[in-house]
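Asker: predicted model and sequence follow; I will ask about them next.
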Amino acid sequence: MKFLDLPPLARINTFLEHCDVGEYVVEGDLEAYSCKLAGLDKKLSKSLDQDVQVGSSPLDMSASPVGPLADSSSRKTLIYLILTLNHIYPDYDFSLLRAHHFRKEEGIARAEEAIDSHLLEVSKVWTKTPGFGENPFLESLWSSIDEAIDLKDCDVYSYQSDLETDPFGEKASIWSFNFFFYNKKLKRILYFSCRALSKTCADEETETSSKYVYGSDDDDDAKYGMAGDMDN
């Protein structure tokens with residue numbers, strides 16, 4: 001998988017890196033990859049292909065969210081989804097994921113509706129931000145995505161997070177989404193994820209972490225906090 005540096009996506013990414021909408025902060029990521037495999041990806045692809053064939057149920061071999069796994073093209077789709085996640089979240093290993101961990105969306109329109117509904121507040125911030133608001137946010141977003149991946153020829157998938165063993169389960173998270181736009185003709189995948197993080201929860205986690213840091217040099221201080229100071 002090769003990361004594709006596409007200027008229209010870079011501009012959207014800059015805005016979505018940290019978008020403060022009031023009660024929460026939205027963090028988003030748009031990344032496009034070529035599905036041409038080389039090096040470690042090629043080696044892992046071969047291993048995954050074997051594991052999927054051996055470990056999949058008869059039902060999955062005949063029908064799954066990515067298509068019948070008896071079909072090599074369906075297995076390739078699954079492998080591309082897994083490799084994309086591995087590239088985007090290098091601190092995690094998604095190589096044990098299988099077809100049931102993904103869902104094929106009913107179409108582009110359904111994915112657009114879900115994304116647009118989550119990003120209404122982001123659109124308002126975009127309008128007020130110098131250097132960004134000359135065109136409506138959602139119009140700019142979908143224009144950039146279409147330019148990168150040619151939406152009319154895409155299948156859309158989403159990853160079904162278990163919220164425990166992957167990066168989507170943060171306590172501060174209010175909502176999140178992730179979609180893969182896969183264009184088989186272009187041999188390209190575009191991944192779009194966003195999450196809303198509660199400012200209150202994030203501040204509480206930061207405060208808790210700071211307390212542990214404060215007491216890290218002295219076990220007694222860590223146990224009793226500022227009690228020693230108050231006794232003086």
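Answerer: That came through, no problem. Residues are numbered from 1 along each chain as shown.

Asker: CA atoms only for stretch 131-139, dumped as CSV, please.
Answerer: Taking Å, rounded to 0.1, in the frame of the first residue of the first chain, the C-alpha atoms of stretch 131-139 are listed here in CSV:
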residue,chain,number,x,y,z
GLY,A,131,-8.9,30.8,4.6
PHE,A,132,-11.5,28.0,4.5
GLY,A,133,-15.0,29.2,4.3
GLU,A,134,-15.2,30.5,0.7
ASN,A,135,-17.3,27.4,-0.2
PRO,A,136,-19.6,25.3,2.0
PHE,A,137,-17.7,22.6,4.0
LEU,A,138,-19.6,19.6,2.9
GLU,A,139,-19.4,20.7,-0.8
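
Asker: what lies in contact with that stretch?
Answerer: Phe15, Asp116, Leu119, Val122, Ser123, Trp126, Thr127 (CB atoms under 8 Å, 6 or more residues apart in numbering). All C-beta atoms are positioned from the backbone trio N, CA, C, and that covers glycine.

Asker: swap in stretch 79-89?
Answerer: Residues outside stretch 79-89 that contact it (CB under 8 Å, 6+ apart) are 1, 3, 29, 31, 33, 35, 37, 41, 44-45, 48-49, 52, 66, 92-95, 97, 102, 157, 159, 166-167, 180, 182, 189, 191, 193.

Asker: and those, which are buried?
Answerer: 1, 29, 31, 33, 35, 37, 41, 44-45, 48-49, 52, 66, 94, 97, 102, 157, 159, 166-167, 180, 182, 189, 191, 193 (16 or more other CB atoms under 10 Å).

Asker: which ones among the residues you listed map onto helices?
Answerer: Asp41, Leu44, Ser45, Leu48, Asp49, Val52 (DSSP state H).

Asker: list the contacts of stretch 149-156.
Answerer: Contacts of stretch 149-156 (CB under 8 Å, 6+ apart): 32, 77, 104-105, 107-108, 110-111, 142, 145, 179-186, 188-190.

Asker: how about 7 Å then?
Answerer: By CB atoms under 7 Å, 6 or more residues apart in numbering, the residues outside stretch 149-156 that reach it are 32, 104-105, 108, 111, 145, 179-183, 185-186, 188, 190.

Asker: can you dump the C-alpha atoms of that stretch in CSV for me?
Answerer: Output of stretch 149-156 as CSV, limited to C-alpha atoms (Å, rounded to 0.1, in the frame of the first residue of the first chain):
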residue,chain,number,x,y,z
ILE,A,149,-11.4,8.3,-5.5
ASP,A,150,-14.1,8.8,-8.2
LEU,A,151,-17.1,8.0,-6.0
LYS,A,152,-19.4,6.7,-8.6
ASP,A,153,-17.2,3.6,-9.0
CYS,A,154,-16.7,2.9,-5.3
ASP,A,155,-17.9,0.3,-2.8
VAL,A,156,-18.1,1.6,0.7
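
Asker: next one: Ser56 from Arg75, what distance?
Answerer: 9 Å (CB to CB, to the nearest Å).

Asker: ditto for Lys104
Answerer: In terms of CB to CB, Lys104 sits 15 Å off from Arg75.

Asker: helices of this structure, residue ranges please.
Answerer: 7-16, 39-55, 58-62, 72-88, 108-118, 120-128, 137-149, 199-214, 219-224, 227-231.

Asker: nearest to Ala172, of those helices?
Answerer: helix 199-214 (3.7 Å; CB to CB).

Asker: with adjacent residues omitted, what lies nearest to the most centrally placed residue in the chain?
Answerer: Geometric centre of the chain, nearest residue: Ser193, 3.8 Å, by CA atoms, centre = their mean. Computed as CB to CB, 6 or more residues apart in numbering, the closest residue to Ser193 that is not its neighbour in sequence is Asn178, at 4.0 Å.
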